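S.K.: Okay, structure incoming, though there's no sequence with it:
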């Protein structure tokens, strides 16, 4: 009887440890917030958002797509100069902030012009995490957030 109880206790302990993944499982845990797109005034648009990683592993934003644009590219801004990049890092327990005047998304060859009040569906793809679909609200062309960026 003691043997069975000891074995059952060992199995229960092993199962409890196996279920303790959570934030300590060595993976990224991504969420997206503060997303917006100023209403475009040409055949291109910019997109801004914050990707937060609550996980223990870093990840990278590698590509973006949207049915509103022929192409969505990721841009980095360094010393006021913007350039397309293949990916942007999302640190473990940190954030990647895409903001006006900084790193951002560029929606090129718009298929339709999103209007204020509408939402634009965007799929974000990462080096390690599953894709995330975000509904980005279209704001006035002059919109500047007061918080979140």
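M.R.: Everything's here; your move. Only a predicted model underlies this, so the values are computations on that prediction, with no experimental measurement involved. Numbers count the residues shown, from 1 in each chain.
S.K.: Can you report how many residues neighbour the residue nearest to residue 51 when sequence neighbours are not counted?
M.R.: Residue nearest to residue 51 in three dimensions, not counting chain neighbours: residue 96, with 4.6 Å by C-beta to C-beta, 6 or more residues apart in numbering. Glycine gets a C-beta too; all of them are placed from N, C-alpha and C. By other C-beta atoms under 10 Å, 19 other residues sit near residue 96.
S.K.: Make residue 1 into 578 and carry on from there
M.R.: Got it, the first residue is 578 from now on, which makes the last one we talked about residue 673.
S.K.: Following the chain onward from the helix or strand hosting residue 673, which element is next?
M.R.: If you go by DSSP states H and E, residue 673 is part of strand 671-675. Past strand 671-675, further along toward the C-terminus, the next helix or strand under DSSP H and E is strand 681-687.
S.K.: Note down every partner strand of the strand holding residue 673 and its orientation.
M.R.: In the sheet, strand 671-675 lines up against strand 622-630 (antiparallel) (DSSP bridges).
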